[in-house]
Structure formats: C-alpha cells, structure tokens
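**Q** dropping a prediction and its sequence here:
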Amino acid sequence: MEPEASERPKDLVLEFPMGAIADPYRAHLHHIIPIDFNSVQKLPESHVWHDKSHESLFGVPSADPLPVPVIDLMDSEASSLMIQACETWGIFQVIGHGLTKFMEDVESEAEKLFGLPVDQKLKALRSPGGATGYGRPHISPFFDRHMWQEGFTIMGSPIDHAKQLWPQDYQGFCDTIDDYQNQMKALAEKIIRIFFKSLNINFEELNWLNDSGLSSPGTALQLNSYPPCPDPTRAMGMAAHTDTSLVTLVQQSKTSGLQVFKDGVGWVLVQPVPGALTVNLGDYLHILSNGMYTNVLHRAVVNQQIQRFSMAYFYAPPRDFTVSPVLSRVTGQMPKYRSLTVKEYVDLKGKHLEKALSLIQI
Ligand SMILES: C=C1C[C@]23C[C@H]1CC[C@H]2[C@@]12CCC[C@@](C)(C(=O)O1)[C@H]2[C@@H]3C(=O)O
Ligand SMILES: O=C(O)CCC(=O)C(=O)O
Ligand SMILES: [Fe+2]
C-alpha cells in the first residue's frame, strides 16, 4: 500500500469539480431523482466513480487491521470501552441493547418501501428545498458522478410521505418508524451522556429532553438502499463523509458495505455483527472534545449480488446550541475550533462539506 493511502484525506471535496449548486438545500432535481436501477444492465458512465484521493474501493490493507470494537452494553466496562474506541476509531458496535425486534421491523419496512415500483417511490420524492422524502443522498451536489444508492429521509413523523406511498395502508409503516425512532433516541442519549460526562458537560442541564420549542435535539432517520450493482469496483454506494451529528446509530443488514477510514491503516470494513448497532461519532462531538474524539470518515461500497439496506439515526444538538471545544476549558489546552451554533455549522457544511471543519479551525 502507498504510504499516503493511509493518511486521512484532508480536503475531500477538492477532488471533485463542484457543481454550481453546492448547497444541498438548493439541489437540482437530477441530484434528487435516482435512476431506475432495475432497468440498467451496465454501469452508466454517470455512475462511474472517480475517487483519486483514496486507494481502490476493494483494496485490502497490507496489515490485517484490528476489527472495529464490539461493546456489550451489559458489560460493566462499557463506558470506558466506548471512550477508548472513540479516541482512536470514532466508531464502535454495540450489542446487548435489547432492540433486535425494532431493528427487524424497521428493516422489513425499508425493504417494502424500496421494493415499490419506481413511479410509486417518486410520489414521495424529496423536494428541491426539502429535507425529507425519497431520493439521492443530500451530499450528491458535491460530486460530479452519481452514487449507487436510493434513500428515504425522515424527520419526525413520516406520515405525509407514507400516505403518498401507501394511500390506504400507511399506518403500519408510521408506527414502526415511530417506535424505532423512540428507541434510537433513548439509546443515542444514553451514549451521549457517557461522552458528555467525560467532557464535564451536564446533559440534564441542557434541557433537551423536553421535546418542545427551539431547544429540542435535531434528529433524522435515513433509510438507505444499495441495489445490486453490475460493476461494484467502479461504483460508490455512499461517498466518504463524516456525519453532521453528535452520534449516529447505524443498522446494517447482513450484507457488508460500510467501511471506515483508520489513520495509518486505510479503509477498514465494519463487519456486520448480527443484532449489533454501529455507533459513529459525528462532527459535533469532535468539536466539543477539541478534536480528542474522532469524527469517523466512512463510506458504503456496493456489491453485485445482493441489495443492501442500512438505517442511520442522526442525533444532533438543537439548532440554537453553541458548539465549542469544552475540553479545552477543562484541560487548559488551546481551543482548536472557534465556537459556532449548530445552525451556522449546518450552513457551512451545506456549502463546503468536509472542508467545514477546517474553516472553523483556529
Ligand atoms: C440530519 C442530517 C444529516 C444528513 C443531512 C441531514 C439529513 C440526512 C443526512 C444524510 C444521510 C446520508 C449521508 C449524509 C451525508 C447525507 O447525504 O444525508 C447525511 C447528512 C449528514 O450527516 O450531513
Ligand atoms: O450504508 C451505510 O452503512 C452507511 C450509511 C451512512 O453513512 C449514512 O447514512 O450516513
Ligand atoms: Fe454516514
């Protein structure tokens, strides 16, 4: 492996000619409408991925990398294991959460949704200014090629889009999604409490638990489908990115595809563990910890045989919350980032994607 292949790429987006519309909130329809995956036999030129900054999609790292840590929530050491995992990896898997039933239910709803005829799915298409509904990844406008993916983004209740997808029969989907979001929210808060405690932030004092007004957390549920791909080594499922969240809980189906970038190693596969949820640390915990906790760079690759699904639950602070490197106050080190509100950060990320962090560096 070339030595530079194991250095985390700094300015990902520079590798791609940015379209005129770099702001996801002003995406053109061609950044939103997925192709009809059933109708293509050969990988279209529009989906051939040019990614010069990383080693080839399926390149195996020279040294056998350590697997991503798997942590049992019932383990008395769970909290310190999570913290350890995030100083290095920025990602771990959790088992022992007792949520298997909810995970199975949501996966079968996702399968049902993406199995609908294309015309039906397009009825729930995300609008150019909108955040929720069916379509390509929100980060699509940053890339000059398309990803081999279709997604469905939910914020709060999915009822409006669900009615368009299943005019008579939307309730089951909505109930399953509501239950799942409630469970994921509780688990996300449990994990965030652990990290906040390590940073001397009192989660209870933040008063996010009361779900009203401006001070409620920003949450989203993203359902992803990656259809079988005729030429997987030349295509990309989900381009490399870090999540705009404190933590993201990712449920992978049995089929592997999620990869994380580990400094000094390169791309490492997150091996699906039955019943496990993957916890990705996002940008906000990275800033709050003054860079101590890694906001994990990750991507999803595709395969030729099996349609792969993933469900990602994003948990972010309320939009008016000021994110600043609190760890620097605790330890006396120099802050690496300037303080800014969640709203400001979202705007920066919408314009600059992964360069957003370097723009707020001190
Ligand atoms: C709450 C979020 C977080 C978003 C934007 C918004 C709704 C959907 C999320 C995703 C989901 C898919 C990957 C990603 C990179 C994308 O394209 O859309 C995510 C993005 C982010 O983490 O920035
Ligand atoms: O499909 C996956 O495993 C990852 C999806 C992802 O990173 C996301 O939705 O943010
Ligand atoms: Fe992600």
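**A** Cool, the structure landed. Ligands and ions are numbered 1, 2, ... in the order given.

**Q** sec struct for Thr248, please.
**A** Three-state call for Thr248 (DSSP: H, G, I helix; E, B strand; the rest coil): strand.

**Q** for the stretch 201-350 of the chain, which segments count as strands?
**A** 218-226, 238-241, 247-252, 258-262, 266-269, 277-281, 298-300, 308-316, 322-323, 340-341 (DSSP state E, counting those that start in this stretch).

**Q** those: lowest mean pLDDT?
**A** Among those, strand 266-269 has the lowest mean pLDDT, at a mean of 88.

**Q** show me what from this protein comes close to ligand 1.
**A** Within the chain, the positions lying close to ligand 1 (Cβ under 6 Å from any ligand atom) are 131, 137-139, 153, 220, 222, 241, 243-244, 312, 314. In short, each C-beta sits where N, CA and C put it, glycine included.

**Q** can I get the strands of the stretch 201-350 of the chain in a markdown table including mean neighbour count and distance to Pro69?
**A** As requested, the strands of the stretch 201-350 of the chain are exported to a markdown table (neighbours: other Cβ atoms under 10 Å; distance: least, Cβ to Cβ, whole Å):
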| stretch | mean neighbour count | distance to Pro69 |
| --- | --- | --- |
| strand 218-226 | 22 | 23 |
| strand 238-241 | 22 | 21 |
| strand 247-252 | 24 | 15 |
| strand 258-262 | 23 | 11 |
| strand 266-269 | 20 | 12 |
| strand 277-281 | 25 | 10 |
| strand 298-300 | 23 | 15 |
| strand 308-316 | 24 | 19 |
| strand 322-323 | 16 | 26 |
| strand 340-341 | 17 | 31 |
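
**Q** residues from the protein in reach of ligand 2?
**A** For the chain, the contact set with ligand 2 under Cβ under 6 Å from any ligand atom comprises 222, 224, 238, 243, 250, 252, 257-258, 298, 300, 310, 312.

**Q** cutoff 8 Å now
**A** Taking Cβ under 8 Å from any ligand atom as the contact definition, the chain meets ligand 2 at 137, 149, 151, 222, 224, 226, 237-238, 241, 243, 248, 250, 252, 257-258, 270, 278, 280, 298-300, 308, 310, 312, 314.

**Q** most widely separated two among the residues of the chain next to ligand 1?
**A** Within the residues of the chain next to ligand 1, Ala131 and His241 form the most distant pair, 16.4 Å apart (Cβ to Cβ).

**Q** nearest residue to Ser253 other than its sequence neighbours?
**A** By the measure of Cβ to Cβ, 6 or more residues apart in numbering, the closest residue to Ser253 outside its immediate chain neighbours is Phe309, 4.5 Å from it.

**Q** err, Leu99, not the other one
**A** Per Cβ to Cβ, 6+ apart, closest to Leu99 is Gln183, 5.3 Å.

**Q** mind listing what's buried along the helix or strand harbouring the one you found?
**A** Using DSSP states H and E, Gln183 sits in helix 171-198. For helix 171-198, the neighbour count (16 or more other Cβ atoms under 10 Å) marks 173-174, 176-177, 180-181, 183-185, 187-189, 191-192, 194-196, 198 as buried.

**Q** quick one: list the elements packing against it.
**A** helix 78-88, helix 100-114, helix 159-165, strand 218-226, strand 247-252, strand 277-281, strand 308-316 (3 or more Cβ pairs under 8 Å, 6 or more residues apart in numbering; DSSP states H and E).

**Q** just give me how far the helix or strand of the chain with the lowest mean pLDDT sits from the chain centre.
**A** Of all regular secondary-structure elements in the chain, judged by mean pLDDT, DSSP states H and E, the least confident is helix 326-331 with a mean of 82. Relative to the chain's own centre, helix 326-331 is displaced by 27 Å; criterion: Cα atoms, centre = their mean, to the nearest Å.

**Q** what do you get for stretch 313-330?
**A** Relative to its chain's centre, stretch 313-330 lies at 18 Å (Cα atoms, centre = their mean).

**Q** kindly report the same for stretch 217-227.
**A** Counting by Cα atoms, centre = their mean, stretch 217-227 comes out at 7 Å from the chain centroid.

**Q** look up how far Leu348 lies from the residue nearest to Leu99.
**A** Distance, Gln183 to Leu348, using Cβ to Cβ, to the nearest Å: 31 Å.

**Q** tally of neighbours for Asp169?
**A** Neighbour count of Asp169, defined by other Cβ atoms under 10 Å: 10.

**Q** assumed it was part of a helix.
**A** No - per three-state DSSP, Asp169 lies outside any helix segment and is coil.

**Q** may I have stretch 322-329 exported as CSV, CA atoms only?
**A** Extracted in CSV, the C-alpha atoms of stretch 322-329 (Å, rounded to 0.1, in the frame of the first residue of the first chain):
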residue,chain,number,x,y,z
THR,A,322,-23.4,26.7,20.6
VAL,A,323,-20.8,24.1,19.9
SER,A,324,-17.4,25.0,21.3
PRO,A,325,-14.4,22.9,22.4
VAL,A,326,-15.3,22.5,26.0
LEU,A,327,-12.4,20.1,26.6
SER,A,328,-10.0,23.0,26.1
ARG,A,329,-11.6,24.7,29.1
